[in-house]
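Colleague: With the sequence up front, the predicted model follows.
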Amino acid sequence: MSLKGLSDKELVEQTLEQEQRLVFNEFGLDLAHQVGLELLNRGKDGTLPIAFDVTRNGQCVFHCALHGATQDNAAWIQRKNNVVNRFGHSSLHMGAACRLSGMSIEEKFHLPPNQFADHGGGFPIHVRGAGIIGTVTVSGLPQIDDHELVVSVLEMFLD
């Protein structure tokens, strides 16, 4: 189901469902690399101007920028990752939740906008019994497309 055109309330519900469903039994380096390679293949096949990142236990294990991506995309990745790591939810979820509250993430949580971005594309890597151990993040497309690309790739590898 595409998230395009959903209200913020529906986005909060759908992204929460995705986060609860996309829980891995394990997420080692081999799987992290496979996720990164799949993002690379999809980006190249679709000639997408994206940068993406797979971070596990604080270590960047796959980072790539494709044609059309800029250094700014790397900054967006870091800002989206900061949101996921701080709140334990996808960056799209947090953006929709904040809009529902009538406040920006900066206002609601007193966060600097140059360090936190509640725009879609950052998604938590959740491992059963361990919690959130990392992030998969895309930047370069409209925020719903960034988010949906990450989710569709993670769904491929769900055990």
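Modeller: Yep, that arrived. Residues are numbered from 1 along each chain as shown.
Colleague: can we go C-alpha only for contacts and neighbour counts from here?
Modeller: Will do.
Colleague: what about the helices in the protein?
Modeller: Under the criterion DSSP state H, the chain contains helices at 8-21, 29-45, 71-87, 91-101, 105-109, 143-157.
Colleague: Out of those helices, flag the one nearest Gly58.
Modeller: Smallest distance to Gly58 across the helices of the chain (CA to CA): 9.7 Å, for helix 71-87.
Colleague: Which neighbouring elements make contact with the closest one?
Modeller: Helix 71-87 is packed against strand 51-56, helix 91-101, strand 122-127, strand 131-139, with contacts defined by 3 or more CA pairs under 8 Å, 6 or more residues apart in numbering; DSSP states H and E.
Colleague: tilt between it and helix 91-101?
Modeller: 70 degrees (axes from the mean of the first three to the mean of the last three CA atoms, to 10 degrees).
Colleague: could you check the angle strand 51-56 makes with helix 71-87?
Modeller: Using the same axes, to 10 degrees: helix 71-87 against strand 51-56 is 30 degrees.
Colleague: buried stuff in helix 71-87?
Modeller: With burial defined by 16 or more other CA atoms under 10 Å, the residues of helix 71-87 counted as buried are 73-85.
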